[in-house]
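1. Using only what follows, build the 3D model:
(4 chains)
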Protein chains: 2
Amino acid sequence: MSENQETLVNKIKDYYEFLLEDGLIEEIAKTGAYQQLKAGQHMMEIGDSVVHMPLLLTGAIKILREDSDGDELLLYFLEKGDTCAMTMTCCYGESKSKIRAIVEKDSEIIFIPILKMEEWLAKYKSWRSFVFESYNMRLSEMLETIDTLAFLKMDERLYKYLTDKAVVTQSTFLSNTHQEIAYDLHTSRVVVSRLLKQLEISGKIKLFRNKIEVLQF
Amino acid sequence: MSENQETLVNKIKDYYEFLLEDGLIEEIAKTGAYQQLKAGQHMMEIGDSVVHMPLLLTGAIKILREDSDGDELLLYFLEKGDTCAMTMTCCYGESKSKIRAIVEKDSEIIFIPILKMEEWLAKYKSWRSFVFESYNMRLSEMLETIDTLAFLKMDERLYKYLTDKAVVTQSTFLSNTHQEIAYDLHTSRVVVSRLLKQLEISGKIKLFRNKIEVLQF
DNA sequence: GACCCACTGTAACAATTGTTACCTGTTCAT
DNA sequence: ATGAACAGGTAACAATTGTTACAGTGGGTC
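-> Okay, here's the model as predicted:
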């Protein structure tokens, strides 16, 4: 095993140490394609064919939905140790992505070919558990998204967005324009500016150009 | 095998014929608890422990979400051949239900103990596919719910609700009060009455007392 | 019949959210 | 330095949705 391979194996073990079976993590390191992605890169577009399953080692990815008019909506963020169940959905089903994935923060990802992923399902119990666990987390995230949409008002959604983002990027300073936030929340820039100003007045955030500081959680 | 058992096996085969392995459907019939539920019955409450996985043979179930204030929201309907992935989520995870399930139309259901369900995952490939397929369908339904909440206005949501319900109950006559609809859509009765009247004027539905006829699809 | 009660229609108003328009200041390329 | 493009603040207004209040209608019970 090369030195690089060994480094990779150790990196995977850091976040996926529950994959217990002998050789599984080594197989992931060998079969998977390791990639570093920069913030802002589009990892996947709606309609793309999905032939790999991503395992996120470090960084953060945001997952977006789009309607037929091109209107966007943020679904949730992926963090280290996450995989994308929506991707799996696509693999098993129509194989076309229903979502867009954008790198939110510089990330390290391993891409697993779908065939391997299915092979391991039968072969490794801990892999099966992991995949199920991932589905469950994704369903929970989707439920939370639905709760947010159905039960929260725009100002609450906005504040939740800011704090969520602060958590996944591990920074209280968010590099965001109001327009970008408006796209993620599917509202207009004017509304976002208005509500951000209110949040600043109530002392929860501080506004700068191209930047927002989250003060309270 | 008793005559009843055989009838049940045939019934399951009608909707789950893709469960190919020898003996799997027989095992389902033997292990599962067959129940008939009447419209209006509560199949599951939020916070209930989940120890069974339901397989829907006939009828329809509606799945609701509730926030901390007791406000409700319809997530989706289950139809024949469906199972409830949210249930599976709970099984694998916290084992507490995050949703409420109400029988929308008289239904026949088989309840599978969780342990068996997991045992079969390792044992039967077609069962594994079925469970994955179910997860995927549920994720798709959730996506559709999110689309509806994020991108549609109330009048569109209302009309979608009526047509969806007409489809799953296989009837163009819906026995519904305006208040019930308001709960499902998480809005107020007055708003529902207002928009229903508009839909009637535009010729898409006809209003009666305790009843709505859906004219166009 | 007289009564009650759930269901529906509607008006009037409030709150929230969305839209348009315009202004200021910053950044950046030329 | 100048102009163009971008970011953000704000006002004025429109549209949608939510709230309160009340009236009428039909079904059931006594």
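
2. near chain B at all, the longest helix along chain A?
-> Longest helix in chain A, counting residues (DSSP state H): helix A:125-151. Yes: using Cβ under 8 Å from any Cβ of the partner chain, we find that helix A:125-151 touches chain B at A:125, A:128, A:132-133, A:135-136, A:138-140, A:142-143, A:145-147, A:149-151. Yep, even glycine has a C-beta here, placed from its N, CA and C like the rest.

3. before we move on, what about stretch A:52-67?
-> Yes: Stretch A:52-67 lies within reach of chain B by Cβ under 8 Å from any Cβ, at A:65, A:67.

4. So chain A: which segments form each domain?
-> Chain A breaks down by automatic domain parsing into domains covering A:3-149, A:152-214.

5. of all those, which lies closest to DNA strand C?
-> domain A:152-214 (3.4 Å; Cβ to the nearest atom of the strand).

6. Now do the end-to-end distance for that closest one.
-> 19 Å (Cα to Cα, to the nearest Å).

7. what about that domain, average pLDDT?
-> Mean pLDDT, computed over domain A:152-214, is 97.

8. how far out from the middle of the chain is that domain?
-> 18 Å (Cα atoms, centre = their mean, to the nearest Å).

9. do that domain and DNA strand C meet at all?
-> Yes: judged by Cβ under 7 Å from any atom of the strand, domain A:152-214 and DNA strand C are in contact via A:153, A:154, A:155, A:186, A:187, A:188, A:190, A:191, A:209.

10. how about the residues of chain A that lie near DNA strand D?
-> Residues of chain A lying near DNA strand D (Cβ under 7 Å from any atom of the strand): A:177-179, A:189-190, A:193-194, A:196-197, A:207, A:209-211.

11. and residue A:67, how far is that from residue B:11?
-> 39 Å (Cβ to Cβ, to the nearest Å).

12. re earlier: got the angle for the longest helix of chain A vs helix B:125-151?
-> Using axes from the mean of the first three to the mean of the last three Cα atoms, to 10 degrees, the inter-axis angle of helix A:125-151 relative to helix B:125-151 is 20 degrees.

13. which residues does the most centrally placed residue in chain A bridge with?
-> In chain A, the C-alpha nearest the mean C-alpha coordinate belongs to residue A:78, at 2.2 Å (Cα atoms, centre = their mean). Here residue A:78 sits in beta bridges with residue A:61, going by DSSP bridges.

14. State the pLDDT value of it.
-> For residue A:78, pLDDT reads 94.

15. What of residue A:32?
-> So residue A:32 comes in at 94 (pLDDT).

16. What pLDDT does the model give the nearest residue to it once chain neighbours are set aside?
-> Nearest non-adjacent residue to residue A:32, counting by Cβ to Cβ, 6 or more residues apart in numbering or on different chains: residue A:110, 3.9 Å away. Per-residue confidence at residue A:110 stands at 95 (pLDDT).

17. quick one: the helices in chain A?
-> Under DSSP H, chain A gives helices at A:3-15, A:24-31, A:85-92, A:114-123, A:125-151, A:154-169, A:178-185, A:189-201.

18. Which stretch among those is buried most, on average?
-> helix A:85-92 (a mean of 24; mean count of other Cβ atoms under 10 Å in any protein chain shown).

19. Get me the contact residues on chain A for chain B.
-> A:65, A:67, A:69, A:71, A:73, A:75, A:85-86, A:88-89, A:92-93, A:98, A:121-122, A:125, A:128, A:132-133, A:135-136, A:138-140, A:142-143, A:145-147, A:149-151, A:186.

20. what about stretch A:88-101, how long is it end to end?
-> 14 Å.

21. The residue nearest to residue A:32 bridge partners, please.
-> Going by DSSP bridges, residue A:110 forms beta bridges with residue A:34, residue A:55.

22. ok, it - contacts?
-> The neighbourhood of residue A:110, defined by Cβ atoms under 8 Å, 6 or more residues apart in numbering or on different chains, consists of A:8, A:12, A:28, A:29, A:32, A:33, A:34, A:35, A:54, A:55, A:57.

23. Please tell me how far it sits from chain B.
-> From residue A:110 over to chain B the distance is 21 Å, taken as Cβ to the nearest Cβ, to the nearest Å.

24. before we move on, what about residue A:188?
-> Counting by Cβ to the nearest Cβ, the gap from residue A:188 to chain B is 14 Å.

25. Please name the nearest non-neighbouring residue to that residue.
-> Computed as Cβ to Cβ, 6+ apart, the closest residue to residue A:188 that is not its neighbour in sequence is residue A:182, at 5.6 Å.
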